[in-house]
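Visitor: Curious how this folds, go ahead:
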Amino acid sequence: MAKAACDGCGRAITVAGGVANLWTFGDRDGSDGTALTLELEDGTTHTLCFPCVEALPENPSLEDIDALETPDAADES
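Guide: Below you'll find the predicted structure:
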């Protein structure tokens, strides 16, 4: 899996797919990851961890993604 950082909070994430998942064995189908890539209505794409995806409203905008907190900032609240 490719490793990256969440566009919302900066957490380390893994993105499913790619060459790293070409050879998987057992019950794994190579589809696990810790993030999703969302395409907004304005055409921009953002890779977000699952906690950030859950924190977004129904039809998110760029401002909603910019408002996501880093894990450290969320702990201070």
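
Visitor: Please report how far the nearest residue to Thr45 once chain neighbours are set aside lies from Ala12.
Guide: Leaving aside its chain neighbours, Thr45 sits nearest to Glu39 (4.9 Å; criterion: CB to CB, 6 or more residues apart in numbering). (Each C-beta comes from the backbone N, C-alpha and C, glycine too.) Glu39 sits 22 Å away from Ala12, going by CB to CB, to the nearest Å.

Visitor: Count the neighbours of Ser61 for me.
Guide: Other residues near Ser61 come to 14 when the count uses other CB atoms under 10 Å.

Visitor: Name the nearest residue to it, sequence neighbours excluded.
Guide: For Ser61, ignoring the flanking residues on the chain, the nearest one in space by CB to CB, 6+ apart is Leu40 at 6.7 Å.

Visitor: Surely the one you found and Leu56 touch.
Guide: No. Leu40 lies out of contact with Leu56 (CB atoms under 8 Å); the separation is 10.1 Å.

Visitor: Any stretches of the chain with poor pLDDT?
Guide: Residues of the chain that meet the criterion pLDDT under 70 lie in 1-3, 16-32, 71-77.

Visitor: For it, just list every one of the strands.
Guide: Along the chain, the segments classed as strands by DSSP state E run 2-5, 12-15, 35-39, 45-49.

Visitor: Tell me which of these sits most buried.
Guide: Most buried of the strands of the chain, by mean neighbour count (mean count of other CB atoms under 10 Å): strand 45-49, with a mean of 19.

Visitor: got the angle for that one vs strand 35-39?
Guide: With axes from the mean of the first three to the mean of the last three CA atoms, to 10 degrees defining the directions, strand 45-49 sits at 150 degrees from strand 35-39.

Visitor: Can you list the strands that strand 45-49 pairs with?
Guide: Note on strand 45-49: by DSSP bridges, its sheet partners are strand 35-39 (antiparallel).
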